[in-house]
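# Give me the fold of what follows.
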Amino acid sequence: MGWKNVKEHYRIEHIVQINENQLQIGSSYIQDLIVVDMEGTVVKRYERGLASNENLERYQQEIDANPALFKELMTKPDTFEKSITVYTWEGEKIIEKQCESTEWPSVTHDGELMSENTFSVDKEQVIRWAKKSAKSKIHHYQEAMDDYAQKMAKMREVVIAQQANLDRLELDYPDIQVTYNEDN
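Reported below is the predicted structural model:
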């Protein structure tokens, strides 16, 4: 993956990462100011707003000028000065990756932006985070399921009460017929 080649060639001072098989150029606030597919086509463009950013405009112009060069840079293997082992997780899997630096903002050798609360050189810390994340999701979704169960019980009570009302009205006034129509 040549994300580092691209960053160095275009002298990109912003954060460069690979996300969903696309190269993203952005900041810590907006990570996808520019998005480029692996063929060198800018699929999300930086649009000048009230303020402009000459660097972002330059990156985009230079990539637009020669998509084949971008593609070549992306297919050429990156070279790294260091290979620090870091860990992260996905579900129940503890994943080992390599990076040059662990300082924010840093990217793994395969282009993933590392957050301080999801990547660490300490594997045991990552395992704790993974367990805490799983427990948190269980708690959150259990609360949501309990809330929905309470709402369903209340809705069931309303349906039963309204059915009883309708049954009584049908008994008391059998000659008056109505049909349910959303327009009435």
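# Okay, now the unreliable bits of the chain?
50, 182-184 (pLDDT under 70).
# can we see that at 50?
Counting by pLDDT under 50, not a single residue of the chain qualifies.
# So what are the structural domains in it, by residue number?
Following automatic domain parsing, one finds the domains of the chain at 3-75, 84-127.
# I'd like the ones you listed laid out as CSV, including mean neighbour count.
All C-beta atoms are positioned from the backbone trio N, CA, C, and that covers glycine. Below are those laid out as CSV (neighbours: other Cβ atoms under 10 Å):
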stretch, mean neighbour count
domain 3-75, 16
domain 84-127, 15
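# Show me what the lengthiest helix in the chain packs onto, helices and strands only.
Across the chain, the longest stretch assigned as helix under DSSP state H is helix 123-172. On a contact count with 3 or more Cβ pairs under 8 Å, 6 or more residues apart in numbering; DSSP states H and E, helix 123-172 meets strand 84-90, strand 93-99.
# Not counting the first one itself, show me its contacts.
Residues outside strand 84-90 that contact it (Cβ atoms under 8 Å, 6 or more residues apart in numbering) are 94-102, 108, 112, 114, 118-123, 126-127, 129-130, 133.
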